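Visitor: coords please:
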Amino acid sequence: MTDMLRESTDIDDAKTAQNQQSQVLADDIAHPDHHGHDPHPTGIKRWLLTTNHKDIGSLYLMFSFAMFLIGGAMAMVIRAELFQPGLQLVEPNFFNQMTTVHGLIMVFGAVMPAFTGLANWMIPLMIGAPDMALPRMNNWSFWILPFAFSLLLASLFMEGGGPNFGWTFYAPLSTTYSPQSTGLFVFAIHIMGISSIMGAINVIVTIMNMRAPGMTYMKMPLFVWTWLITAFLLIAVMPVLAGAVTMVLTDKYFGTSFFDAAGGGDPVMFQHIFWFFGHPEVYIMILPSFGIISAIIPAFSRKKLFGYSSMVYATASIAGLSFLVWAHHMFTTGMPVAAELFFMYCTMLISVPTGVKVFNWVATMWHGSMTFEVPMLFAIAFIVLFTIGGFSGLMLAITPADFQYHDTYFVVAHFHYVLVSGAIFSIMAAAYYWLPKWTGYMFNETLAKWHFWCSIISVNILFFPMHFLGLAGMPRRIPDYALQFADINAVVSIGGFLFGLSQLIFLAVVIQCVRGGEKAAAKPWDGAEGLEWSVPSPAPHHTFSTPPKVD
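Guide: From the prediction side, this is the model:
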C-alpha cells in the first residue's frame with residue numbers, strides 16, 4: 001500500500017514538473033526575448049539576436065531581394081554578351097561562371113529564402129500562433145545563409161575562377177574539369193541545405209502543434225497547407241543534394257570514382273541522383289506560389305476559394321508525383337524505351353493536379369466582384385504566364401520531341417516562365433498583398449502599377465522569343481552563336497535590361513512604403529479573410545499571446 005502511495009505521489013510530482021516545463025516553453029514561445037534581455041533591443045543587436053518571427057521573416061525577405069539583384073546583375077552580363085554574335089565583353093570561362101552562379105543564386109538565394117521569409121512572417125499570424133515553434137533555431141537558420149552566399153561569391157575571386165559547370169554541376173565537369181573553387185561551392189551548398197532543413201522542421205512543428213483552438217487541418221489557409229507539404233519535400237530531398245555534392249567533393253579531392261567511368265563509376269548516375277533532388281526542388285519553388293495565389297484571387301474576387309479540399313489534395317498529389325518524374329531531364333542519356341515511356345507518362349500525369357488548381361482559380365474569379373489592385377494584377381499574370389510555362393513543360397515531356405528541344409533555349413524559356421513569371425511574380429504579389437500588414441502603410445498604387453506593367457511587358461519580350469530560338473536549334477550555355485540567331489537575341493537582351501530596371505521601381509515602392517504614407521487599416525483589402533487581418537497594421541511585435549478561437 002505504501003509503495004502504491006509513493007508511486008502515486010511520484011506520478012503527481014512528475015505531472016506537476018511536466019506542466020511547469022510546458023508553461024515555461026509556452027512563455028518562451030510567446031515572449032522569446034524575456035529571458036534577461038531588453039524585450040525590444042534596437043540597432044544591429046535587434047537583428048542579430050532576434051527570435052521574433054516577424055523580424056526573421058523581414059531578414060529573409062531583405063536578403064532574398066539583395067540576392068535577386070545580384071543574380072539579376074549576373075543575368076545582365078549574360079544578356080549583354082549575347083546581344084550580338086561573337087565574343088563581346090567577357091571570356092567564355094567567365095561567361096560560364098556567370099550562368100552557373102546566376103542559377104545557384106536565383107534558386108537557393110532569391111526564390112527559396114523569399115518563400116521562407118513569407119512563411120516566417122505569415123504562418124504564425126494565419127494559424128493564430130504566438131511565434132514559430134523553435135525561435136532560436138529560426139534565428140540560426142537565417143544567419144548561416146549570408147555566410148554561405150559570401151563563400152559562393154568569394155569563389156569567383158579565386159585563382160581559376162568560380163564554379164563554371166552550370167547550376168546542375170554535372171560530373172565530370174564539376175569533378176575532373178572543375179576549378180579549385182569547387183570546395184567552396186560544395187561547402188556553400190551544404191550550408192544552404194542545413195538552413196533549408198532547419199527552416200522546414202520549424203514550419204512543420206509550428207503548423208502541427210501551434211494552431212489556434214478550432215483550426216483543424218482542413219480549415220487552414222491554402223498558403224499554410226502548401227508550405228506544410230513543401231517543408232516535407234525539403235526534408236526528403238535536401239539530404240539527396242548533400243549526398244551528391246559530397247560525392248563530387250570526394251571525387252575531386254580524395255580520389256574516389258563515384259562518377260568516373262575509368263574507376264568503375266558512372267557519370268549518368270550523377271544525373272539520376274541530382275534530378276531526384278532537382279525535380280521535387282522545382283515544386284519546392286512553386287507550391288508556396290499556389291498558396292499565395294489561392295489567398296489573393298478569392299480576396300479580390302470577393303468569393304470563397306472554389307474547391308478548397310481539391311486544392312489540398314492536388315497539392316499533395318503534385319508533391320507525391322514529383323518523385324516519379326526526375327528522369328524527364330535525361331531522355332537523351334540512352335535510357336531503355338520502357339523507362340522513357342514511364343517518365344513521359346508520369347510527367348504528363350503531374351499536369352493534371354496542376355490543371356485542377358488553374359481551373360479552381362478561374363472558377364473563383366467567375367462571376368466574382370473583381371477589382372484589379374496590384375496584388376490581383378500579379379496573381380492573374382501568374383496564372384496566365386505560369387500556364388504557358390506548364391504547356392511548354394508538357395511539350396518537353398514528350399520523349400521524341402524532347403530530343404529536339406533538349407539543351408536548347410526552348411528549355412530556358414520553359415523554366416523561366418515557371419520560375420520568373422511563376423515563382424517571382426507570386427512573391428511580388430505576396431509582397432504587395434501583405435506589405436500594408438507588415439509596415440502599417442499603404443504603398444504607392446500608381447508606382448506599383450508602373451512596376452507591374454513594365455515587368456509583364458518586359459518579361460515576355462525577354463523569354464517568349466527564346467522558344468523560337470530553341471526550336472531553331474540554338475544551344476543554351478554558350479557565349480557565341482550563329483548569325484541567324486542575332487536579331488532575336490538582340491530583342492531578348494533588350495527585354496532583359498528592361499525587366500532588370502523594372503525591379504528598381506519595386507525597390508522604390510517598398511522603401512517609400514516602409515518610410516510612411518497613408519495609414520493602413522487592419523484589413524486594407526475588402527475581400528481578404530483570415531486571422532492575419534484580425535490584428536492591427538502594422539502587426540505588433542508579439543501577437544496572439546491569448547490564442548484566438550476559430551469557428
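
Visitor: quick one: contacts of stretch 526-541?
Guide: With Cβ atoms under 8 Å, 6 or more residues apart in numbering as the contact definition, stretch 526-541 has outside contacts at 40, 52, 54, 122, 125-128, 212, 221, 295, 298-303, 369, 371, 434, 436-440, 519-524, 543-544, 548, 550. For glycine as for every other residue, the C-beta is placed from the backbone atoms N, C-alpha and C.

Visitor: Just the ones of these in helices?
Guide: When those are checked against helices (DSSP state H), the matches are 54, 122, 125-127, 295, 298-301, 434, 436-439.

Visitor: Need the max-distance pair from those residues.
Guide: Distance extremes for the ones in helices among the contacts of stretch 526-541: the farthest pair is Lys54 and Ser301 at 28.3 Å, using Cβ to Cβ.

Visitor: what's the nearest residue to Met247 if we skip its chain neighbours?
Guide: Phe258 (4.3 Å; Cβ to Cβ, 6 or more residues apart in numbering).

Visitor: any idea where the helices of the stretch 401-550 of the chain begin and end?
Guide: Per DSSP state H, counting those that start in this stretch, the stretch 401-550 of the chain carries helices over the ranges 409-418, 425-439, 445-471, 486-515.

Visitor: returning to what we had before: the residue nearest to Met247 falls within a helix, correct?
Guide: No. Secondary structure assignment places Phe258 outside any helix; it is coil (DSSP: H, G, I helix; E, B strand; the rest coil).

Visitor: any idea how far Trp326 is from it?
Guide: 18 Å (Cβ to Cβ, to the nearest Å).

Visitor: swap in Phe274?
Guide: Distance from Phe274 to Trp326, by Cβ to Cβ: 9 Å.

Visitor: and the closest residue in space to Met330 that isn't next to it in sequence, which of the three is it?
Guide: Nearest residue to Met330, sequence neighbours excluded (Cβ to Cβ, 6+ apart): Gln271, at 5.3 Å. Here Gln271 is helix, with the state taken from three-state DSSP.

Visitor: Roughly how far does the residue nearest the centre of the chain sit from Ile284?
Guide: Central residue of the chain (Cα atoms, centre = their mean): Met112, 3.0 Å from the mean position. Relative to Ile284, Met112 is positioned 7 Å away (Cβ to Cβ).

Visitor: repeat for Met311
Guide: For Met311, the distance to Ile284 equals 18 Å [Cβ to Cβ].

Visitor: Please apply the same query to Met67.
Guide: In terms of Cβ to Cβ, Met67 sits 16 Å off from Ile284.

Visitor: These two: who's more crowded?
Guide: Legend: neighbour count by other Cβ atoms under 10 Å for Met67 and Ile284, higher for Ile284 (27 against 24).

Visitor: quick one, what contacts that one?
Guide: Applying Cβ under 8 Å, 6+ apart, the residues near Ile284 are 112, 230, 233-234, 237.

Visitor: Okay, and which of those map to strands?
Guide: Counting by DSSP state E, no part of the contacts of Ile284 is found in strands.

Visitor: For my notes, please list these in TSV and give distance to Leu531 for each entry.
Guide: Conversion of these to TSV gives the following (distance: Cβ to Cβ, whole Å):
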residue	distance to Leu531
Met112	25
Thr230	21
Leu233	25
Leu234	25
Val237	31
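
Visitor: what's in contact with stretch 443-454?
Guide: 373-374, 377-378, 381, 428, 432, 435-436, 498-499, 501-503, 505-506, 508-510, 512-513, 517.

Visitor: buried residues in that stretch?
Guide: Neighbour-count burial for stretch 443-454, counted by 16 or more other Cβ atoms under 10 Å, picks out 443-444, 448-452, 454.

Visitor: still on that earlier bit, read off the pLDDT value for the residue nearest to Met247.
Guide: We note a pLDDT of 97 for Phe258 in this prediction.

Visitor: just the one 4 residues further on next, same as before
Guide: Predicted confidence (pLDDT) for Ala262: 93.

Visitor: what about it, is that helix, strand or coil?
Guide: Using three-state DSSP, the structure places Ala262 in helix.

Visitor: for the stretch 351-500 of the chain, what are the low-confidence residue spans?
Guide: Nowhere does the stretch 351-500 of the chain drop to pLDDT under 70.

Visitor: centre of the chain versus stretch 423-435, how much separation?
Guide: Averaging C-alpha positions (Cα atoms, centre = their mean, to the nearest Å) puts stretch 423-435 12 Å from its chain's average.

Visitor: Also stretch 132-143?
Guide: Relative to the mean C-alpha coordinate of its chain, stretch 132-143 is positioned 18 Å out (Cα atoms, centre = their mean).

Visitor: quick one: average pLDDT of it?
Guide: Mean pLDDT, computed over stretch 132-143, is 96.

Visitor: ok, residues contacting that stretch?
Guide: Under the contact criterion Cβ under 8 Å, 6+ apart, stretch 132-143 has outside partners 28-29, 32, 48-53, 56, 59-60, 63, 120, 123-124, 194-195, 198-199, 201-203, 205-206, 209-210.

Visitor: Put the alpha carbons of that stretch into CSV.
Guide: Written as CSV, here are the backbone C-alpha positions of stretch 132-143 (Å, rounded to 0.1, in the frame of the first residue of the first chain):
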residue,chain,number,x,y,z
MET,A,132,7.4,29.9,-34.7
ALA,A,133,7.8,26.8,-32.6
LEU,A,134,11.7,26.9,-32.5
PRO,A,135,12.6,30.6,-32.4
ARG,A,136,16.3,30.3,-31.6
MET,A,137,16.8,27.7,-34.4
ASN,A,138,14.9,30.1,-36.6
ASN,A,139,17.5,32.8,-36.0
TRP,A,140,20.3,30.4,-36.7
SER,A,141,18.7,29.0,-39.9
PHE,A,142,18.7,32.6,-41.3
TRP,A,143,22.2,33.8,-40.2
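
Visitor: Tell me the buried residues in that stretch?
Guide: By neighbour count on 16+ other Cβ under 10 Å, the buried set for stretch 132-143 is 132-135, 137-139, 141-143.

Visitor: of these, closest to Met247?
Guide: Using Cβ to Cβ, Ser141 comes nearest to Met247 of those, at 25.1 Å.

Visitor: which residue sits closest to the closest one, ignoring its sequence neighbours?
Guide: Met198 (3.8 Å).
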